[in-house]
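curious how this folds, go ahead:
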Amino acid sequence: MRWALVKVCLAVTAMVVVAFAVPLGLVVQEMASDRAFSNAERQAATIGPTLSITTDPVQLQKAVESTQMGAARRMAVHVPAIGDSAPVEIGRGRAGEHAVAETRRIGRATTASVTGGGSALLQPTALGSGDIAVVEIFVPESEVSNGVATAWVVLAGVGLALIVGSVGVADRLGARLVRPAERLADAAHQLGEGRLGARVPEDGPKELRSAAVAFNAMADQVVELLANERELAADLSHRLRTPLTVLRLNTASLGDGPAAEQTRAAVEQLEREVDTIIRTAREQRPATGLVAGAGAGCDASEVIRDRMDFWSALAEDEGREVRLAGVDRTVRIPVARPELAAALDAMLGNVFRHTPEGTPFSVDVHDAGDAVIVLVSDAGPGIADPEAALRRGNDGGRDGSTGLGLDIVRRVAESTGGDVRLGRSVLGGTEVRVWIGLDGRTLGGPGGGRAGRGRRGNRRNRGRA
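Next up, the predicted model:
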């Protein structure tokens, strides 16, 4: 495209130069010729007064020699025969007799070609006797073309400069057009090869800037879609951990025997496969919002009661004391029911997975006006480094941990402008405090008024098994 633009500009400029330079050169040539013959007419007129007074050859000779053209031997006077006197020829005549006679006949100035080059101006002049004399002025070719060659050279130089300049401008303009297009094509190839970080600088002409903006938006959308797919795969895989936990706990009551051992081995193998899926799927996946649409929330109390019915049965099997508080009234939150259930399963699954059998735990719900607080506490050994546990992907080196459990909880809370914190519970173990914002309003919990959604881009990604 760049070379095509240069060729088009070269052709157009060349046509413009030819269209203007050639007529202008011809005009200059015509002006030089007119200037030479006009000067010859003026010189011929200088001898007119003398011819009107006398035709004496001696007097005419002196008059001719006194003029500029006569002194240069470029003037001749042709006087016809008057009465009985013979014709008089003064100076060197270069035009033929036929041209002189024709000029005398028509009574106006004419020009005639001269053998050997040049031209002769023949100017008729009336004599006192009424006859017509002809004054001849020789105009050499050099005078007719004086300055014409220089004018053609100047015009050619100007035309060449215009062509070179237009080619340079076209080349720069073509480069300005081509470079953004080349960058766009290169970025498209990179994106097609799987390099999802490929982006295009949004510069250049308006149309290419629009194309760059559209490409970058498309690339961002592709990255987001892939991240959402990985997120969904990881979340769905993690939700399998809850029924797997139940299976693992139930296998403990199967006793000994080949069938029991095979069942326990199969459950362990399934857990390892699920862990592998989670670790693979969550690589380089960014957090995504989970805010439910208008009217798409749920009753937190109802969901918690429902999930506690499930976990209480397991707790009874393991001899765990369970306390549930704050779920006797409706508490609406802007979170979809499946998401809240997944977050509760992740927190309660951690309790069963990482505390000894018989360890008590509790679930409390508080309505703080601008937020709903869900507390999951246990009397286990606690977490040595809560900040490290909240960093996404940190599993503390524990078997069966993928570092994604609290990450699900965190995303649910932050989708509403909330937050998740780990601390020491009143039972002596770990306390997971989940702040769920109402209608996306700024929260006023510990740490001051904080908008979780505004912090998501600055906080480290967090997660706990």
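
for residue 368, see how far away residue 339 is.
Distance, residue 339 to residue 368, by Cβ to Cβ, to the nearest Å: 20 Å. Quick note: C-beta positions are derived from backbone N, CA and C, even for glycine.

which one's more surrounded, those two?
Between residue 339 and residue 368, residue 339 has the larger neighbour count (other Cβ atoms under 10 Å), namely 20 against 13.

contacts only, for residue 378.
Residues counted as contacts of residue 378 (Cβ atoms under 8 Å, 6 or more residues apart in numbering) are 351, 355, 359-362, 425, 427, 429-430.

please repeat the previous calculation with a cut-off of 10 Å.
Neighbouring residues of residue 378 by Cβ atoms under 10 Å, 6 or more residues apart in numbering: 320, 347-348, 350-352, 354-355, 359-362, 425, 427-432.

among those residues, which lie within helices?
Judged by DSSP state H, those include 347-348, 350-352, 354 as members of helices.

quick one: which of those is nearest residue 409?
residue 347 (6.0 Å; Cβ to Cβ).

wait, that closest one touches residue 406, no?
Yes - taking contacts as Cβ atoms under 10 Å, residue 347 lies within contact range of residue 406: 7.5 Å.

thinking again about what came up before, dump the ones in helices among the contacts of residue 378 to JSON lines, plus distance to residue 173 and pLDDT.
What follows is the ones in helices among the contacts of residue 378, written out as JSON lines (distance: Cβ to Cβ, whole Å; pLDDT from 0 to 100):
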{"residue": "347", "distance to residue 173": "63", "pLDDT": "89"}
{"residue": "348", "distance to residue 173": "67", "pLDDT": "89"}
{"residue": "350", "distance to residue 173": "64", "pLDDT": "85"}
{"residue": "351", "distance to residue 173": "69", "pLDDT": "89"}
{"residue": "352", "distance to residue 173": "70", "pLDDT": "87"}
{"residue": "354", "distance to residue 173": "67", "pLDDT": "86"}
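
just the buried members of these?
Among the ones in helices among the contacts of residue 378, those scoring as buried are 347-348, 350-352, 354 (criterion: 16 or more other Cβ atoms under 10 Å).

closest to residue 297 among those?
residue 347 (19.3 Å).

without its sequence neighbours, what residue ends up closest to the residue nearest the centre of the chain?
Geometric centre of the chain, nearest residue: residue 202, 2.8 Å, by Cα atoms, centre = their mean. Counting by Cβ to Cβ, 6 or more residues apart in numbering, residue 212 is the residue found nearest to residue 202 once chain neighbours are left out, at 4.6 Å.

look up how far residue 141 lies from the one you found.
The gap separating residue 212 from residue 141 is 65 Å, by Cβ to Cβ.

which parts of the stretch 201-350 of the chain are helices?
Along the stretch 201-350 of the chain, the segments classed as helices by DSSP state H, counting those that start in this stretch run 206-239, 241-251, 258-281, 300-318, 337-354.

buried deepest among those, which one?
helix 337-354 (a mean of 22; mean count of other Cβ atoms under 10 Å).

elements contacting it?
Counting contacts by 3 or more Cβ pairs under 10 Å, 6 or more residues apart in numbering; DSSP states H and E, helix 337-354 is packed against helix 206-239, helix 241-251, strand 298-299, helix 300-318, strand 361-367, strand 371-378, helix 405-414, strand 430-437.
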